[in-house]
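**Student:** sequence first, predicted coordinates after that:
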Amino acid sequence: MITLKSNREIDLMRRAGKITAAARAVAREMVKPGVTTHQIDKAVFEFIKSQGATPSFLNYNGYPASVCVSVNDEIIHGIPGKRVLQEGDIVSVDVGAYIGGFHGDCAGTYPCGRVSEEDMDLIRVTQQSFFEGLKVAREGYHIKDISHAVQTYVESHGYSVVREYVGHGIGRMMHEPPEVPNFGEPGHGPRLLRGMTIAVEPMVNAGTASIIQLRDGWTVKTADGKKAAHYENTILITDADPEILTDPEESLV
């Protein structure tokens, strides 16, 4: 069941969203050659705890870290570890924070040092596809109006959207109804109502949409080995423009 948030609950979600966006910024600043993905995870954990919050991802369905760090052809759910970031990598970070009974969730893909113009284009298109979806994230529209806007923009640039993983409602639980796909026909899906809080998160592949799941049970990679990017914010549906609860200014490239 889709839950509409009260004004008090929305204020609590703003607080969670602010911490989550700041944690994404911490991760972004650490994306440099020579840094390990574990170091990024440790910094995010320490920052979230310093704010009196709890990392949403840590031990979520058994996930062993506070942040997902996915490099190059890894789309989502990369587990931090000993991997050392290299010049030219593109690095996706996905983070959540829980405080006051509510979650925030956001992600972004960032260049490690100097990267190719092709990779920067993938990053920019992925980010902009979120904002194309945001244009129709308004009361009275439908979930799949967002989906269609994302898909149309991504595919117009020659890229593919992942089908198996989607955005989601968010609030007291990290994942709540409704699902928010990055593809679909406009005019379908649940109607958007004020008080809805959803995480819109385009996952975009440079090549085909096909994916593979690694044996670790978490990491998802592109099937063709081409690079991928990820961008996400938690948003609130209002009676006017949607409100981004995880400040996007923290992550724009």
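**Tutor:** That came in fine, so what should we check first? This structure is a prediction, so every number in the text was calculated from the model and none was measured.
**Student:** pLDDT on stretch 121-138, on average?
**Tutor:** Mean pLDDT, computed over stretch 121-138, is 98.
**Student:** in that stretch, which residues are buried?
**Tutor:** For stretch 121-138, burial by neighbour count (16 or more other C-beta atoms under 10 Å) applies to 122-134, 136-138. All C-beta spots, glycine's among them, are computed from the backbone N, C-alpha and C.
**Student:** check stretch 135-154 too.
**Tutor:** Buried residues in stretch 135-154 (16+ other C-beta under 10 Å): 136-138, 141-151, 153-154.
**Student:** stretch 97-110 now?
**Tutor:** Quick answer for stretch 97-110 (16+ other C-beta under 10 Å): 97-99, 102-110.
**Student:** for stretch 209-226, same thing?
**Tutor:** Here stretch 209-226 shows 209, 211, 218-222, 226 as buried, counting by 16+ other C-beta under 10 Å.
**Student:** just stretch 27-44 next, same as before
**Tutor:** Residues of stretch 27-44 classed as buried: 27-28, 30-31, 35-44 (neighbour count, 16+ other C-beta under 10 Å).
**Student:** quick one: the strands in the stretch 151-253 of the chain, in order.
**Tutor:** With strands called from DSSP state E, counting those that start in this stretch, the stretch 151-253 of the chain shows them at 160-161, 167-169, 176-180, 197-200, 203-205, 211-213, 220-222, 228-230, 233-236, 243-244.
**Student:** got any ranges where the stretch 1-150 of the chain has weak pLDDT?
**Tutor:** The stretch 1-150 of the chain contains no residues with pLDDT under 70.
**Student:** show me where it has its helices.
**Tutor:** Along the stretch 1-150 of the chain, counting by DSSP state H, counting those that start in this stretch, helices occupy 7-30, 37-50, 117-134, 143-156.
**Student:** and of these, who's closest to Asn233?
**Tutor:** helix 117-134 (6.5 Å; C-beta to C-beta).
**Student:** hey, C-alpha coordinates of the closest one in PDB?
**Tutor:** Extracted C-alpha coordinates of helix 117-134, given in PDB (Å, rounded to 0.1, in the frame of the first residue of the first chain):
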ATOM      1  CA  GLU A 117      34.500  12.400 -22.900                       C
ATOM      2  CA  GLU A 118      32.400   9.300 -23.700                       C
ATOM      3  CA  ASP A 119      32.300   8.400 -20.100                       C
ATOM      4  CA  MET A 120      31.400  12.000 -19.100                       C
ATOM      5  CA  ASP A 121      28.600  12.000 -21.600                       C
ATOM      6  CA  LEU A 122      27.200   8.800 -20.000                       C
ATOM      7  CA  ILE A 123      27.300  10.400 -16.500                       C
ATOM      8  CA  ARG A 124      25.700  13.600 -17.700                       C
ATOM      9  CA  VAL A 125      22.900  11.800 -19.600                       C
ATOM     10  CA  THR A 126      22.100   9.600 -16.600                       C
ATOM     11  CA  GLN A 127      21.900  12.600 -14.300                       C
ATOM     12  CA  GLN A 128      19.800  14.600 -16.800                       C
ATOM     13  CA  SER A 129      17.400  11.700 -17.300                       C
ATOM     14  CA  PHE A 130      16.500  12.000 -13.600                       C
ATOM     15  CA  PHE A 131      15.600  15.700 -14.200                       C
ATOM     16  CA  GLU A 132      13.600  14.800 -17.300                       C
ATOM     17  CA  GLY A 133      11.500  12.500 -15.100                       C
ATOM     18  CA  LEU A 134      11.200  15.100 -12.400                       C
END
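**Student:** right, I'll leave it there.
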